[in-house]
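> Got a sequence here, can you build the structure:
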Amino acid sequence: MITKIYANNPNDRDIARVAEVIGNGGIAVIPTDSLYAFACSLQYKKSVETIARLKGFTLKRARYSMMCANLSQLSEYVRPLDKETFQLLRNCLPGPYTFIMDANSEVPRHYLNPNKTIGLRVPANAIAHAIVERVGCPLIVTSVRRDNEDQEPEYLTDPELIHELYSSQVDMVVDGGIGEDEPSTVVDCSGGHIEVVRYGKGAIEL
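The predicted structure follows:
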């Protein structure tokens, strides 16, 4: 199923339909501030395992981000923030950034890497924000891309092509228009330090 949603004015009925699919354990492809992403609810491990298989990873090797509706929701899943980190988050979010942070016990351990950290996002994209807000809990997201041997990954930007490739493997594709082909800026805020580990769409100065 493919659903057209306009980013400048997301229709509440369409957002509710996507949120219902995700809230019931389904998998959707949604636009974000940077790339199109597979998305499912934090609460459904089986859905996350399915996304891992779609990308050719085991659950332990897959890299996910947790997408939250706002800073308040984000703070429920991380260890207490120091003043510098909190100010950085306030300055950057919502936006095309992924912050690697020390997770607390609210994050299921099978989503964590060996350092017990996870990437956190708060989207400015109106469609993604409306969906995660409507679902009521964070989404687990990871970019839609094709990995080619000896080449840079190919990020899929056309929702029609994504639907053609994955319609039998996901429950819904949201057509939010042609997507970006630049990933988010990634900032590691774990372990008491702040470091940019990937410069992407989001501009940042530390």
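> pLDDT score for the nearest residue to residue 167 once chain neighbours are set aside?
Using C-beta to C-beta, 6 or more residues apart in numbering and skipping the chain neighbours, the partner closest in space to residue 167 is residue 173 (6.9 Å). No exception for glycine: its C-beta is placed from N, CA and C like everyone else's. Listed pLDDT for residue 173 reads 97.
> Which element, helix or strand, includes residue 128?
With elements taken from DSSP states H and E, the one containing residue 128 is helix 126-135.
> Check residue 196 too.
Here residue 196 is assigned to strand 195-198, by DSSP H and E.
> what about that strand, distance to the chain center?
Its chain's C-alpha centre and that of strand 195-198 lie 18 Å apart, by C-alpha atoms, centre = their mean, to the nearest Å.
> Excluding its own residues, what touches that strand? List them.
Contact with strand 195-198 is made by 100, 183, 185-188, 204, 206, as judged by C-beta atoms under 8 Å, 6 or more residues apart in numbering.
> out of those, which is most surrounded?
Most neighbours among those, by other C-beta atoms under 10 Å: residue 187, with 25 neighbours.
> gap between that residue and residue 72?
The gap separating residue 187 from residue 72 is 20 Å, by C-beta to C-beta, to the nearest Å.
> Same check on residue 22?
Distance from residue 22 to residue 72, by C-beta to C-beta: 20 Å.
> Those two: who's more crowded?
Legend: neighbour count by other C-beta under 10 Å for residue 22 and residue 72, higher for residue 22 (26 against 9).
> in a helix, that's where that one is, yeah?
Yes - assessed by DSSP: H, G, I helix; E, B strand; the rest coil, residue 22 belongs to a helix.
> who are the neighbours in contact with it?
Counting by C-beta under 8 Å, 6+ apart, residue 22 touches 28, 39-41, 131, 135, 139.
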